[in-house]
Every structure is written in structure tokens, then in C-alpha cells.
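**Student:** Okay, structure incoming, though there's no sequence with it:
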């Protein structure tokens with residue numbers, strides 16, 4: 001009996017990632033990504049035209065930064081809206097009425113969104129091969145793939161937890177912004193302007209604790225890798241591995257949240 005149930009559930013399991021990719025094609029996300037690519041190219045070209053020195057380096061840095069930001073925004077927005085739409089249309093209940101587990105459903109959805117985020121990272125990194133060394137672009141691309149997948153995990157977690165676009169997107173964006181700016185916050189907390197008081201020490205301790213808990217988006221997909229070279233490969237691999245682990249933890253938390261809900 002269990003063998004028949006497993007066999008009957010295989011088409012549904014395989015259809016989950018495929019359905020996620022079909023949503024990308026039918027939802028106009030590809031056109032949005034193309035428009036964002038051309039807009040980033042125009043802004044980077046304009047920034048280099050007004051630069052007095054190092055115009056090519058500035059163009060590369062601005063172009064890479066805008067591509068990274070657009071990639072994260074598109075991936076997060078698409079994943080959140082997809083999760084909220086499935087909840088409102090009772091698609092989640094429809095899938096779970098099939099002989100598949102909730103973990104299978106969650107992993108299937110994540111797999112489809114992760115494939116899209118990886119493909120988007122690869123597509124956005126292609127123009128950079130014309131501006132920087134191929135080995136540096138390859139490292140930057142691999143880092144962007146990991147960063148996009150981590151953003152996908154966060155967006156799917158918040159989208160299925162809140163089931164509303166605005167709070168889910170605000171939470172996902174807040175997590176990303178904090179992860180991107182935690183180094184700056186730490187520098188202010190431990191800077192020369194910080195006072196040697198109990199309140200200041202407690203603040204510094206809280207900031208250091210947040211730096212441990214938050215995903216370190218500030219250490220990955222850095223534009224200077226394309227300008228000055230990505231030399232510390234072991235350090236980059238270590239940071240990307242930590243971000244991948246954070247993605248795994250978010251998926252485990254999302255699966256646990258799905259199991260505890262009454263659907």
C-alpha cells in the first residue's frame with residue numbers, strides 16, 4: 001500500500017518545481033528582470049560618464065551592485081507573491097490533499113524557486129564577463145547564486161508564515177538590509193565615539209549577538225571582487241557556506257511552521 005502511495009505521489013512531487021517555473025514565465029517576471037538589467041546598465045553608464053577618474057571601475061562596481069539588488073528584489077517579490085497567492089487560492093490545501101507530506105510540498109516549492117533564483121543569478125552575471133576578469137566574475141556569480149537562494153528561503157518562510165504580501169516583504173527586506181548593514185552597525189558600536197558606559201557596553205554586546213544570528217549578506221557578492229580581484233577564495237567559500245547553512249535552517253523552520261498550522 002505504501003509503495004502505491006509513493007508511486008502515485010511522484011508526478012505531484014515532480015510537478016511542484018515545474019509549476020513554480022511556469023509561474024515565472026506566465027507572470028511577467030522575465031520581462032521585469034530584462035527591464036531591470038537594462039536600467040542597471042544605463043545607470044552604470046551614466047555614473048561612469050560623470051566620473052573624473054576610474055570610470056571603468058566605477059561602471060563595473062555600480063553595475064554589479066544594481067544587478068545584485070535587482071536580483072534579490074525580483075526573487076523575493078516573486079516568491080512572496082507566489083506563496084501568498086497559493087494561500088489565498090487554497091492551492092496549499094489542494095496539494096496537501098494529495099498523498100504527499102507537508103515537508104515534500106515545502107521542499108518542492110523551494111526547489112522550483114531556488115532554480116529560478118540560480119538561473120537569474122547566472123543570467124545577470126553574463127554581462128559582467130565583458131567588464132571584469134572571468135575568474136573574478138565566476139566567484140561573484142557563485143556567491144550571487146548562494147545569496148539568491150538564501151533570499152529565496154527567507155522570502156518563502158515569511159510568505160508562508162504571514163500569508164500577506166506587505167508584512168512578508170517588509171520582514172524579508174528587513175532581514176536582508178540588517179544582514180547587509182550589520183558590519184556598519186558594529187563599527188559604530190565599537191567605534192571611537194562609543195562611550196565607556198554600561199549602556200554602551202550592553203549595546204555593543206547586543207550588536208555582536210545580532211551579527212552572529214543574522215545572515216552575513218554583507219560579506220558575499222562584493223563588487224570589489226570584480227574590480228580588485230577575488231583573492232581570498234577560502235574566506236569566500238567559508239562565508240558562502242555559512243549563508244547556505246542559514247538557508248537550510250530557514251527551510252527547516254518553514255517546514256516546522258507548515259506542520260503546526262491547521263490546514
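**Tutor:** Cool, the structure landed. Just so it is clear, the structure is predicted and the values come from calculations on it, not from any experiment.
**Student:** check contacts around residue 37.
**Tutor:** Counting by C-beta atoms under 8 Å, 6 or more residues apart in numbering, residue 37 makes contact with 67, 70, 123-124, 127. Any C-beta I mention is one placed from the backbone N, CA and C, and that applies to glycine too.
**Student:** helix or strand right after the host helix or strand of it?
**Tutor:** Counting by DSSP states H and E, the element that carries residue 37 is helix 29-49. Next in sequence after helix 29-49, counting helices and strands by DSSP H and E, comes helix 55-88.
**Student:** how far off helix 29-49 does that next one point, in degrees?
**Tutor:** With axes from the mean of the first three to the mean of the last three C-alpha atoms, to 10 degrees as the basis, helix 55-88 and helix 29-49 are set at 160 degrees to each other.
**Student:** which strands and helices sit next to helix 55-88?
**Tutor:** In this structure, helix 55-88 makes packing contacts with helix 2-26, helix 29-49, helix 102-125, helix 134-162, helix 165-189, helix 224-228, judged by 3 or more C-beta pairs under 8 Å, 6 or more residues apart in numbering; DSSP states H and E.
**Student:** Now render the ones you listed as CSV, adding mean pLDDT.
**Tutor:** As requested, these are exported to CSV (pLDDT from 0 to 100):
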stretch, mean pLDDT
helix 2-26, 61
helix 29-49, 92
helix 102-125, 94
helix 134-162, 95
helix 165-189, 89
helix 224-228, 91
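**Student:** With respect to residue 243, which of the ones you listed lies nearest?
**Tutor:** Checking the helices and strands packed on helix 55-88 against residue 243 by C-beta to C-beta gives helix 134-162 as the closest, at 4.9 Å.
**Student:** Can you point out the buried residues in the helix holding residue 37?
**Tutor:** Of the residues in helix 29-49, 29, 33, 36-37, 40-41, 44, 47-48 count as buried by neighbour count, 16 or more other C-beta atoms under 10 Å.
**Student:** which ones are touching residue 221?
**Tutor:** Neighbour list for residue 221: 68, 140, 143-144, 147 [criterion: C-beta under 8 Å, 6+ apart].
**Student:** Look at it and tell me its secondary structure.
**Tutor:** Each residue gets one of three states, and residue 221 gets coil by DSSP: H, G, I helix; E, B strand; the rest coil.
**Student:** show me what contacts the closest residue to it other than its chain neighbours?
**Tutor:** Leaving aside its chain neighbours, residue 221 sits nearest to residue 143 (4.4 Å; criterion: C-beta to C-beta, 6 or more residues apart in numbering). Residues near residue 143 by C-beta under 8 Å, 6+ apart: 220-222, 225, 236, 240.
**Student:** returning to what we had before: just the buried residues of the contacts of residue 37.
**Tutor:** By the neighbour-count criterion of 16+ other C-beta under 10 Å, the contacts of residue 37 include these buried positions: 67, 70, 124, 127.
**Student:** among those residues, which two are most distant?
**Tutor:** Taking every pair in the buried ones among the contacts of residue 37 and measuring C-beta to C-beta, the maximum separation is 12.5 Å, between 70 and 127.
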